[in-house]
Structure formats: structure tokens, C-alpha cells
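Participant: sharing a sequence plus its predicted fold:
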Amino acid sequence: MRRQRSTKIVATLGPASSKPAEIRALFEAGADVFRLNFSHGVAQDHKARASAIRELEGELGRPIGILADMQGPKLRIGTFAGGPVTLAPGAPFRLDLNQRAGDAAGVTLPHPEIFAALEKDLELLLDDGRIRLRVGKYGKDFAETEVVTGGKLSDRKGVNVPGAVLPLAALTAKDRTDLQIALDLDVDWIALSFIQRPEDLAEARKLIAGRAAILSKIEKPAAVERLDEIIELSDALMVARGDLGVEMPVQDVPGLQKRIVRASRRAGRPVVVATQMLESMVSSPFPTRAEVSDVATAVYDGADAIMLSAESASGEYPREAVGMMNRIAEQVERDPLYRGIMDAEHANPEATAADAITAAAAQVAQTIGAAAIVTYTTSGSTTLRASRERPRVPILCLTPSTSTSRRLSIAWGVHTVPGMDATSFADMVEKACSTALAQEFAKPGNRLVITAGVPFGTPGATNILRIAWVNG
């Protein structure tokens, strides 16, 4: 099933989209990758969904990516004795480690890591930023704060500390258990939450041990400050706009989205834009005009993928939401302005033979009017280089590796065909032509631009460019 767009769609599965027929409907509507959100559900839920995806993949003969999203640390206040309280601006409010029921004067904050990172006048955000507190006097087990923005506060609301790097690992005990469950399900991507520093990736990389690729969610100001280092250590990035919009002024988020997308593209890492893209479709069959523009902006920015969360997981119109996102992306990519942006903003190739060959392939394909660029890859690096160039023609990826083909389902413009091993360069060229014909990327008489690395099986060794004619 060939998509008529280059931007990929990630759809989150949940109560509204767990049955095999529902998952199939989302794929047919346009989903390329399915997200399993480990913040919700139990192991059996995720296992059933992953099994349905793999069964669908076998039926259709198309690789489908699975993204397992780890919950990360969840910082929450305790409970209140008499139900919700109302905090007035200017009022004092105490946070401490005492295990007692709270009231309008204070509540338990069972996270010593937060107290360890406090400074005078630091702001704490409660309930997704609806309540703002300013720190006055503090110690290792308490903080006396002043209410800056008041309102109603109830049990176990979340806490954000945007102005500090917390001494917390990105993986909790729950995440380590979930990570093993996800790896046993043979997922393709692991999304890491609460990334603050490059070091946060080290433990996950060791535990995953190459069994899946790592996608770092950029959702904290500390991560933005060290963005280039985090990109370098990641296999892909996600612009997690929900948490970014809590921890930073909301007006900063659009600019950060563009910055993260461009930095990821420059480094050749796939990048996903996520959170509330078609939020109104949770309960409505149609999005707002502003939401359509938001999705379109992410596509114009050159994001590899755009993601649905509650819209497809728990909404009333999951298939319609995926279909709408699919149509928006198709329409944007038909706009001449889109092509102009892609041509103007792709990064300059690095001074390597592999980058020079790949950049030349995109230029040659445009010059001769090739039907497609065909890449032969084992690790995926050759194909990701081609995707980085944002060429004007589709990228047909041939790979002997099923896992590589699934991981590449998140990459811009890539259509993968797994199980395509080659014994020689001539054999690879023959397979490229026959596959392009069979997959309807080319017709007899069309030309293809083919890139590969010789000797075969050497990761990153893109060193050959070939123009081939497709015979009938």
C-alpha cells in the first residue's frame, strides 16, 4: 500500500482503537506507525495491540512500526483531607515530606529530589501550570511558597519545576519493567520521557542493547538547552509540545518546534511533532481551522512524522482523525510552496563520500526525471541520508532486515521493502528495478537512481550511485 505523501503519521492506540479491525482501519486511513502509551494500560493490553499490529503486517506484507512510549518520572502532590482546596494569590502554601492529608495551608510533596533542586524565587507549577507557586524559605524536606496564580487544587496533581535540572533518572522502576515488556514485544522504537541531559540516554541505551531505536522526547527546558548533544545520542526526536507548553511560556513553543525540527533534520535524525494536533476531534468529527493550520505547519516545517494521541486512542472518531491528518499532509505536499521550502532548507551534506553520493542522488533524480531513488541498506543509514535530503521523488528502500524496515516507517518519504537481500551489485540493480515496478513506483521505460554501499552489509558505507532503466 503506497502512501501519496512523504510525511508519516503516528497513531496512538487505546480503548477506542484496540481491536484488530480498528487497528486495520487506522492503517488503511493512513497510520504508518502505532504508539503504545505505557502511561496507561497493563502489559496484556500492550501485548494484544502489538500482536494485532504484527498480524496485520503479515496480512498486508507491509512493515509497520511500533513505538513504545515510556511514562518517565511522574511528580505529584499528595491528597487533601477535605477534598479540593482553593488557593488565593498571595497566600502562603507549604510543601513538605510529611505524610499527612493536606489543606489550604499546605500539602505533601513526596519527592525529595525536588527539594534538593530548589532555589529562592524558583517557580513551581501545579496541575499543568494552572497553579503557580514561588519558593521563599526552603530546606531539604520543605518549601514555604507564595501563591502567584491561584485556583482550585485537588489530589495528586502533577508538579513541574521548569527552572531546575532535577536529580532524577529518566527511567523509573516502572519504566525498567515496561521497557523489558516492550522489548519482549519486539517493538521498533522506545520513546524516552523526562530527558533533561545527554546522560539520561546512557542507561536506556545500555538496557535496550540495540534491540530497538531510541526516540528522545523534548519536553523540558533543560533538554532544549542541550539539544544538539541529545540529538547526537538519539536515533530520533519528538517535539512533545504538551509538557513544553507547561514548563515554558506557550508563545515560545512554536519557535521551539521549528528549532527542534530543523536541528533534527540537519543531523539526519527523524523528528515527530506531537500533542493536541487535532484535539477537538476527540469529540467532534471535524477539526478546527486552527488545528488544520497547526498540522499543516508541522508538514511545512519538514517534520518526518506527525502524531495523534487522545484523538486516536480514546476519542470518538479515531479513523476520521487519521484520515483528516492524511488529507492535510497530502494537500500541503502538493503545494508548490512546500517544495520550495524543502529545497531551500535542507542541510548541506557533510564532507563524507556517503553524504556526497546521497546529495548527488537527489540532484541526479531531479535532473533526469527519475521515478524514484532506490536505496539498499542493512542498518538504515543509507536510507536516512536519502530522507535527510528531502528529494522530489519517492525513496524506495530495499533491505534484508525486517527490523530496519520497520524502524524506517517513521522516516520522511521512505517506502521500505524487507527481505531484499542481494548477492552482487548487478543483482541489487535487477531487484531494484523489479521491485520498483511491482510496487508501482515506476513503469517500463522509467529511470531509477540507485545508491548502495559496497561491500554489502557494511553500515554507512554508501559509495555507489547508479542510474538504471526499468524494463517491462
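Facilitator: It's in.

Participant: which residue ranges of the stretch 101-250 of the chain form helices?
Facilitator: Along the stretch 101-250 of the chain, counting by DSSP state H, counting those that start in this stretch, helices occupy 112-116, 173-184, 200-208, 221-225, 227-233, 241-247.

Participant: correction: the stretch 301-450 of the chain
Facilitator: Assigned by DSSP H, counting those that start in this stretch, the stretch 301-450 of the chain shows helices spanning 310-313, 318-334, 336-345, 353-368, 381-388, 402-407, 425-438.

Participant: nearest to residue 63, of those helices?
Facilitator: helix 402-407 (4.0 Å; C-beta to C-beta). Where C-beta positions appear, they are placed from N, C-alpha and C, glycine not excepted.

Participant: if you count neighbours, what's buried in that closest one?
Facilitator: The neighbour-count check on helix 402-407 (16 or more other C-beta atoms under 10 Å) flags 403-407 as buried.

Participant: again, but for stretch 169-183
Facilitator: Buried residues in stretch 169-183, counted by 16+ other C-beta under 10 Å: 169-172, 175, 178-179, 181-183.

Participant: now those in a markdown table, with pLDDT and distance to residue 45?
Facilitator: Output for these, formatted as a markdown table (pLDDT from 0 to 100; distance: C-beta to C-beta, whole Å):
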| residue | pLDDT | distance to residue 45 |
| --- | --- | --- |
| 169 | 91 | 25 |
| 170 | 93 | 23 |
| 171 | 95 | 21 |
| 172 | 95 | 19 |
| 175 | 97 | 17 |
| 178 | 98 | 12 |
| 179 | 98 | 16 |
| 181 | 98 | 11 |
| 182 | 98 | 12 |
| 183 | 98 | 17 |
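
Participant: let me know the closest of those residues to residue 346.
Facilitator: For the buried residues of stretch 169-183, the nearest to residue 346 is residue 170 (31.1 Å; C-beta to C-beta).

Participant: wait, what's in contact with that closest one?
Facilitator: By C-beta atoms under 8 Å, 6 or more residues apart in numbering, residue 170 lies in contact with 72-73, 192-196, 200-201, 203-204.

Participant: export the residues you listed to CSV and tack on pLDDT and neighbour count?
Facilitator: Formatted as CSV, the contacts of residue 170 follow (pLDDT from 0 to 100; neighbours: other C-beta atoms under 10 Å):
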residue, pLDDT, neighbour count
72, 95, 24
73, 94, 16
192, 98, 25
193, 95, 24
194, 94, 24
195, 96, 28
196, 95, 21
200, 94, 23
201, 96, 21
203, 93, 16
204, 95, 21
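
Participant: next one: residue 465, what pLDDT does it get?
Facilitator: We have a pLDDT of 93 for residue 465.

Participant: hmm, residue 444 and residue 371 touching each other?
Facilitator: No: using C-beta atoms under 8 Å, residue 371 is not in contact with residue 444; the gap is 10.6 Å.

Participant: overlap in contacts of those two?
Facilitator: Shared contacts of residue 371 and residue 444, counting by C-beta under 8 Å, 6+ apart, come down to residue 470.

Participant: quick one: which of the two has more around it?
Facilitator: More neighbours surround residue 371 than the other of residue 371 and residue 444, with 22 against 10 (other C-beta atoms under 10 Å).

Participant: element containing residue 49?
Facilitator: Following DSSP states H and E, one finds residue 49 within helix 43-60.

Participant: mean confidence (pLDDT) on that helix, please.
Facilitator: Rounded mean pLDDT across helix 43-60 is 97.

Participant: cool, and stretch 268-285?
Facilitator: 97.

Participant: and stretch 143-163, by the same measure?
Facilitator: Predicted confidence along stretch 143-163 averages 96 (mean pLDDT).

Participant: can you give me the first-to-last residue distance of it?
Facilitator: End-to-end distance for stretch 143-163, by C-alpha to C-alpha, to the nearest Å: 15 Å.

Participant: so residue 200 versus residue 170, what's the distance?
Facilitator: 4 Å (C-beta to C-beta, to the nearest Å).

Participant: still on that earlier bit, export the buried residues of stretch 169-183 to a markdown table and append columns for distance to residue 23.
Facilitator: Shown next, in a markdown table, are the buried residues of stretch 169-183 (distance: C-beta to C-beta, whole Å):
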| residue | distance to residue 23 |
| --- | --- |
| 169 | 33 |
| 170 | 29 |
| 171 | 28 |
| 172 | 28 |
| 175 | 25 |
| 178 | 20 |
| 179 | 23 |
| 181 | 19 |
| 182 | 17 |
| 183 | 21 |
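
Participant: can you tell me which of the buried residues of helix 402-407 is nearest residue 143?
Facilitator: residue 407 (43.8 Å).

Participant: give the contact list for that closest one.
Facilitator: 65, 188-189, 213, 235, 380.

Participant: hmm, 10 Å instead?
Facilitator: 33, 63, 65-67, 188-189, 212-213, 235-236, 270, 379-380, 383-384, 399, 401, 416 (C-beta atoms under 10 Å, 6 or more residues apart in numbering).

Participant: which residue packs closest to residue 218, ignoring adjacent ones?
Facilitator: residue 260 (5.6 Å; C-beta to C-beta, 6 or more residues apart in numbering).

Participant: what's the spacing between the one you found and residue 267?
Facilitator: In terms of C-beta to C-beta, residue 260 sits 11 Å off from residue 267.

Participant: swap in residue 423?
Facilitator: Counting by C-beta to C-beta - residue 423 and residue 267 are separated by 34 Å.

Participant: any common contacting residues for residue 200 and residue 170?
Facilitator: 72, 192-194, 216.

Participant: residue 70 - how many residues pack around it?
Facilitator: Neighbours of residue 70 using other C-beta under 10 Å come to 23.

Participant: and stretch 11-26, how far apart are its ends?
Facilitator: End to end - C-alpha to C-alpha - stretch 11-26 spans 8 Å.

Participant: give me the mean pLDDT for it.
Facilitator: Stretch 11-26 comes out at a mean pLDDT of 98.

Participant: buried stuff in it?
Facilitator: 11-14, 16-18, 22-26.

Participant: to the chain's geometric centre, what's the distance from it?
Facilitator: Relative to the centre of its chain, stretch 11-26 is centred 19 Å away, using C-alpha atoms, centre = their mean, to the nearest Å.

Participant: now do stretch 302-310
Facilitator: Distance, centroid of stretch 302-310 to centroid of chain: 7 Å (C-alpha atoms, centre = their mean).

Participant: could you do stretch 164-179 as well?
Facilitator: 19 Å.

Participant: who touches residue 302 in this structure?
Facilitator: 6-7, 258, 261-262, 264-265, 271, 338, 341-342, 345-346, 390, 412.

Participant: out of the residues you listed, list just those in strands.
Facilitator: residue 271 (DSSP state E).

Participant: report the buried members of the contacts of residue 302.
Facilitator: 6-7, 258, 261, 264-265, 271, 338, 341-342, 346, 390, 412.

Participant: circling back: let's have the helices of the stretch 301-450 of the chain in JSON lines, adding mean pLDDT and distance to residue 220.
Facilitator: Converted to JSON lines, these look like this (pLDDT from 0 to 100; distance: least, C-beta to C-beta, whole Å):
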{"stretch": "helix 310-313", "mean pLDDT": "97", "distance to residue 220": "21"}
{"stretch": "helix 318-334", "mean pLDDT": "98", "distance to residue 220": "26"}
{"stretch": "helix 336-345", "mean pLDDT": "92", "distance to residue 220": "26"}
{"stretch": "helix 353-368", "mean pLDDT": "94", "distance to residue 220": "32"}
{"stretch": "helix 381-388", "mean pLDDT": "94", "distance to residue 220": "26"}
{"stretch": "helix 402-407", "mean pLDDT": "97", "distance to residue 220": "25"}
{"stretch": "helix 425-438", "mean pLDDT": "93", "distance to residue 220": "43"}
